[in-house]
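Enquirer: Structure for this input, please:
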Amino acid sequence: MADSAGAPEAGAVAGSHLGLLSSAFFASSGLGLLLLVVIARWLTPADNAHFQAVWGLIFAFASVMGALEQEVTRRATSAHLDGHRTPVGVVQSVLLATLACVVVLGALLATPQGRAVVQGSIAIVLLTLFAMVNFVVLILSRGILLGRGAIRPYAALLAGEGALRLVVLGVLLASGLDGTVVWAVVATVGGSLVWVFVVVRVAREIDWSSRRDRWREVGGTVAALATANGLSALVLTGFPTVAATIVGNAADLAVLFAVITLARAPLALLAPVQALTVPTVVRWSRDGDTRRISRALAQIAGGSAVVALAGAAVGYVLGPWAVALVLGADYRPSAVMAALVAGATCVMAGALLQAAALVALQRYWQLTACWAVAIAGAAVVMLAPPWSPEDRGLGGFTVASLAAFVATAVAVRLSVVAADQGSEAGGH
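Expert: Below is the predicted model of the structure:
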């Protein structure tokens with residue numbers, strides 16, 4: 001009786017959490033989109049294409065560290081279920097990930113392609129490093145808060161980051177400054193300072209006296225997750241940087257970059273579910289309930305197919321008009337481009353949910369392999385010489401999304417089968 005009575009209450013709590021997270025993610029997505037729209041109108045199309053490449057660079061690193069956010073959430077959830085504070089090993093993980101990102105940035109800047117992204121600007125390099133420091137604390141804070149069920153402060157961080165970016169941009173605009181890539185990056189980086197409002201609470205949630213993890217184990221986990229999310233970032237936020245690097249001319253891809261930027265907005269529809277995927281799958285796997293994971297996998301596949309077809313249809317009919325209305329006539333895409341980007345983005349949403357499930361199941365290297373397949377497919381298409389730069393970029397984005405979805409679906413299914421076989425063997 002206690003279980004049946006508690007089920008509606010648990011469902012109501014989960015529903016309220018999903019509603020709060022939905023509001024926060026929608027606010028964050030809307031504020032982020034508004035930021036990009038204002039910056040696109042503040043800068044020239046050429047400068048905006050350069051800013052998009054820098055944006056992709058910064059958030060590629062943020063995404064690499066964002067992989068650790070899901071791992072922090074997993075460990076915080078497990079500790080919370082055991083009645084303990086979050087182990088100090090999570091701090092080791094994010095610090096090591098940051099060091100790795102700094103090394104990668106240095107290696108990237110040593111190449112002609114990397115220097116082309118920042119266009120030799122020391123200011124942009126320093127701002128990128130500052131962004132990394134901010135992301136460390138922000139990601140650690142969000143992961144611990146979500147894993148321990150502190151949904152309200154977690155939601156406040158999500159919405160607050162986008163709001164703070166707009167505040168910084170508003171101050172720059174009010175100051176009468178001319179639009180430059182550097183000032184646009186300042187507004188982008190400034191929003192990540194929102195962690196200062198929760199840092200004291202987060203520090204109290206960490207068990208600083210707990211035994212440290214072995215650095216070798218930390219390094220293995222960080223390497224797998226950082227590689228996986230770094231590859232996924234190349235398909236998502238970092239795709240403009242990848243396309244500009246492979247195709248060679250960001251100006252020729254300005255329209256495609258604009259369409260991809262706007263198409264990412266629908267990802268906010270699934271972001272609340274994605275945020276809750278890790279703690280939910282952790283609970284299911286601890287209970288040995290693999291059937292629920294299998295059902296969720298089938299629902300993701302069916303839902304992604306339906307939403308992708310609908311998104312492509314809407315993109316084909318309304319996409320060119322909507323993009324031109326929001327960003328200006330210089331950014332009007334073809335109907336086919338708008339449809340393919342919209343549909344591929346919806347498919348990518350399903351892949352991201354499946355990727356989060358792999359993190360919860362601790363299948364780190366399988367996840368890395370999935371994203372490697374996706375970015376390899378994109379690279380092959382974008383290296384195809386007979387196509388125009390724009391067609392190569394569009395084909396790369398579409399192929400990467402489809403490959404990511406199929407690969408992550410197969411990986412989750414194989415993980416569930418392996419868990420079932422392990423349970424049967426243990427029963428005998």
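Enquirer: what are the ranges of the helices in the stretch 101-250 of the chain?
Expert: Along the stretch 101-250 of the chain, counting by DSSP state H, counting those that start in this stretch, helices occupy 112-118, 122-147, 151-174, 181-190, 199-205, 215-235, 239-247.
Enquirer: low pLDDT regions in the stretch 151-300 of the chain?
Expert: 249-251, 265-272, 289 (pLDDT under 70).
Enquirer: Quick check: chain neighbours aside, which residue is closest to residue 218?
Expert: Setting aside the residues directly before and after it, residue 218 is nearest to residue 92 in space (CB to CB, 6 or more residues apart in numbering), at 5.0 Å. C-beta: built from backbone N, CA, C; applies to glycine.
Enquirer: now swap in residue 197 and tell me
Expert: Closest residue in space to residue 197, ignoring its immediate chain neighbours: residue 160 at 7.1 Å, by CB to CB, 6+ apart.
Enquirer: Hmm, residue 194 and the one you found touching each other?
Expert: Yes. Counting by CB atoms under 8 Å, residue 194 is a contact partner of residue 160 at 4.2 Å.
Enquirer: Overlap in contacts, the two.
Expert: With CB atoms under 8 Å, 6 or more residues apart in numbering applied, the contact sets of residue 160 and residue 194 do not overlap.
Enquirer: List the contacts of the residue nearest to residue 218.
Expert: Going by CB under 8 Å, 6+ apart, residue 92 touches 212, 213, 215, 218.
Enquirer: That one belongs to a helix, doesn't it?
Expert: Yes. Using DSSP: H, G, I helix; E, B strand; the rest coil, the assignment for residue 92 is a helix.
Enquirer: so what's it scoring on pLDDT?
Expert: pLDDT recorded at residue 92 is 90.
Enquirer: Residue 36 too?
Expert: 87.
Enquirer: Helix or strand: which one has it?
Expert: Here residue 36 is covered by helix 2-42, with elements defined by DSSP states H and E.
Enquirer: immediately after whichever strand or helix holds residue 291, which helix or strand?
Expert: Taking DSSP H and E as the definition, one finds residue 291 inside helix 290-327. Later in the chain than helix 290-327, the nearest helix or strand by DSSP H and E is helix 335-360.
Enquirer: In that next one, which residues are buried?
Expert: By 16 or more other CB atoms under 10 Å, the buried positions in helix 335-360 come out as 337-360.
Enquirer: re earlier: just name the most buried of the helices of the stretch 101-250 of the chain.
Expert: helix 239-247 (a mean of 24; mean count of other CB atoms under 10 Å).
Enquirer: What angle do helix 239-247 and the helix or strand following that helix make with each other?
Expert: Following helix 239-247 in sequence order, the next helix or strand is helix 254-263 (DSSP H and E). Angular relation of helix 254-263 and helix 239-247 on a 0 to 180 degree scale: 150 degrees, by axes from the mean of the first three to the mean of the last three CA atoms, to 10 degrees.
Enquirer: So which bits of helix 254-263 are buried?
Expert: Neighbour-count burial for helix 254-263 [16+ other CB under 10 Å]: 254, 255, 256, 257, 258, 259, 260, 261, 262, 263.
Enquirer: can you give me the mean pLDDT across stretch 349-357?
Expert: Here the average pLDDT along stretch 349-357 is 87.
Enquirer: Tell me which residues touch residue 320, please.
Expert: Going by CB under 8 Å, 6+ apart, the list of residues near residue 320 reads 332, 333, 334, 335, 338.
Enquirer: brain fart, residue 136
Expert: 65, 94, 95, 97, 98.
Enquirer: Would you list the buried entries among these?
Expert: 65, 94, 97, 98.
Enquirer: The first one sits in which helix or strand?
Expert: Spelled out, it's residue 65. Assigned by DSSP H and E, residue 65 falls in helix 45-81.
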